[in-house]
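Visitor: no sequence for this one, just the structure:
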DNA sequence: GCTGGACATTTTTTT
DNA sequence: AATGTCCAGC
């Protein structure tokens, strides 16, 4: 029998060599797989790498690295191990270590929870790189996608049907508006927005309408909220719909009411990992705690200093109190930063150390100090924007790429003046965020049609489109339909279908039945045609496209709608089960169009919030001013709020790798008011030794006059850089008059070819005389 | 039922 | 400044 100590130290050395690209702290996090673990991962500390390798370790080697278990064949293994330690490459070490594995977990027993689809996607990709095929079985996804997966199997226990729909904030708002009206509460007593917020907050805290009513006491407002909440919940249920918060809350409910179901999942998941734990709300942390109860093999990763979503219900307390909730939790701090130069870190540390409620961390780096932080005062935002552009231009002239730069602002409202300057200076840029694709009116309308086609009892979506385009079916009629539906306990759609039967609807019965027929025809169409065909049929047959064509800004909306056809086509090609309802399910949890992450060379403009997790060689922060950053609403900022603003500043500063510019103007125009503003207090918190104040060398007169630039020249804006056109050379382009072959419709002649959103819209007359409009990227056309 | 003009509103937003 | 929402009058 071989010496246990020798075996284990050899094994340890092998592990350290295999994970040699990690620093000791990172390695410790990777090895500590049993028991609760909190990884406090500072900005740029290699968090993703740690998570991916920790999961790989769990699956490949189990607890081997931290266990002194001696396998039976240890004496045979040891020489092999010693030899591999001396001469082996990474792959060979891996094979040897696999032989030493101690209870490695099957991939499907690992649950990895993220907040964004983007993060989930990144994890999946990187896990696939390290683990290959088997990575597919890991449960990696967002809180919402994982809960939806669970609910689709069990929600019938709660009285919903398993094919439930998911309502977004907009749908919910509509529903609440209706309810407030019905209950005669009045918008002034309870604005829809406050109701929505209050209900959402309740759900984030896993509280039911009854809980809220109980606690409301004599408070009129809270009482009204509770009443609305109650009805809202009933209404959602009868529409068989969940809102975003329900997805989490009802999973909690399912687990509370059906312990056998919970046990099933508790047994199933041996290892749980939660990313961005500082962004969890109480409902989510409850859920984790329920699932982790068995072995408490739960690892949460996050950074209390980067908690910037409290307005969405996230609570720093989850991460601050982790070691209280999970007894004997191990805490590992990742403080070595691999991203930023020394001075930038000193600035970041200087800012964040003013916060009181934190776990405490200090980033350090082996990198040199680098440049000082550039602080510059300008008179107007036009000058500020121009300064940014000029600086970028100079650096590009010296060899930088446009994509090395980011401009990060506190509020979207700042993007306008920046955009104006970028257009004027002809610098390529891309604005991230703002209005998102699936939130656009035209997209929501078409999706509403598709939802109604898939499920006619979806009354909220039905209301949305019943009179869009105009069909002379007004609010009074719709209200009548709604009350008839409630009275007779049928869906609104069935009332519409049988409009003739109801006396009250006599006058509009023809219009209503026409509408019902339209929906039914489209529904039949969808059963015999592909998804993109259905989408495009909806756009045409409902008259929606014609309506857009007549609108003033209709062209862009038309492009968006056609983009939706493209995304349906993409889905049809890639999804396992490309049905209409699957498509809608997928979109419900997706916030923006994928593939819009640009790899083309342009400057990134975005809010600090959306920059979290990203890095850029050079970062500009315009509007680093009191009142704007930290932002102050009319109410005085509480300490809590200031601390969150400070964390936001910390996030902003730590995005920069080499250069950081903090800009402020004396004179800022915001929301139609011009105000004098002082430099941000956060600037004073940065050690002056790492700062460089640039004097304003410009005289204020003529310069700023010239920069008063009319932003109405949006023609230019849209032409050049605004929408990065996907440069695709893969698809052949056809001119008017050419004869083409379509796989389904056969031979046809191109009547017109209109470039559109990186694609070409063709109007083609086919041999049978029909004229179709098709998108080039998806039509699979061939030259004849 | 539709339209136009008054009126308010304006942080951040992973799902 | 810019955009969405509401309501009165047609």
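Guide: Perfect, I can see it now. On a predicted model such as this, the values are computed, not experimentally measured, just so you know.
Visitor: Output the contacting helices and strands for the helix or strand residue A:201 falls within.
Guide: Using DSSP states H and E, residue A:201 sits in helix A:192-204. Secondary structure elements in contact with helix A:192-204, counted by 3 or more C-beta pairs under 8 Å, 6 or more residues apart in numbering; DSSP states H and E, are helix A:169-182, helix A:209-216, helix A:220-238, helix A:244-257, helix A:282-291. C-betas here are computed from N, CA, C, even on glycine.
Visitor: So which of those is nearest DNA strand C?
Guide: With distances scored as C-beta to the nearest atom of the strand, the stretch of the helices and strands packed on helix A:192-204 nearest to DNA strand C is helix A:169-182 (7.0 Å).
Visitor: Can you check what angle separates the closest one from helix A:244-257?
Guide: The directions of helix A:169-182 and helix A:244-257 differ by 80 degrees, with axes from the mean of the first three to the mean of the last three C-alpha atoms, to 10 degrees as the criterion.
Visitor: Which positions within helix A:169-182 qualify as buried?
Guide: Applying a neighbour-count criterion of 16 or more other C-beta atoms under 10 Å, the buried positions in helix A:169-182 are A:171, A:172, A:173, A:174, A:175, A:176, A:178, A:179, A:180.
Visitor: Give me the spatial nearest neighbour of the second one, chain neighbours excluded.
Guide: I take that to be residue A:172. Spatial nearest neighbour of residue A:172, chain neighbours left out: residue A:243 (5.0 Å); criterion: C-beta to C-beta, 6 or more residues apart in numbering.
Visitor: Against residue A:175, how distant is that neighbour?
Guide: Distance, residue A:243 to residue A:175, by C-beta to C-beta, to the nearest Å: 9 Å.
Visitor: so what sits against both of those two?
Guide: Common neighbours of residue A:243 and residue A:175 (criterion: C-beta atoms under 8 Å, 6 or more residues apart in numbering): A:167, A:236.
Visitor: list the contacts for residue A:154?
Guide: Contact partners of residue A:154, counting by C-beta under 8 Å, 6+ apart, are A:254, A:258, A:261.
Visitor: Can you report how many residues lie near whatever residue of chain A ends up closest to DNA strand B?
Guide: The nearest approach of chain A to DNA strand B comes at residue A:474, 1.8 Å away (C-beta to the nearest atom of the strand). Per other C-beta atoms under 10 Å, the neighbour tally for residue A:474 reads 12.
Visitor: and stretch A:446-466, is it in reach of DNA strand B?
Guide: No: looking at stretch A:446-466 against DNA strand B by C-beta under 7 Å from any atom of the strand, there are no contacts, and the closest approach is 10.0 Å.
Visitor: gap between the two ends of that stretch?
Guide: The first residue of stretch A:446-466 is 12 Å away from its last residue (C-alpha to C-alpha, to the nearest Å).
Visitor: close to DNA strand C, is that stretch?
Guide: No: between stretch A:446-466 and DNA strand C, judged by C-beta under 7 Å from any atom of the strand, nothing touches; the nearest distance is 12.1 Å.
Visitor: Run through the residues that contact residue A:123.
Guide: With contact set as C-beta under 8 Å, 6+ apart, residue A:123 has these partners: A:48, A:51, A:52, A:112, A:114, A:140, A:275.
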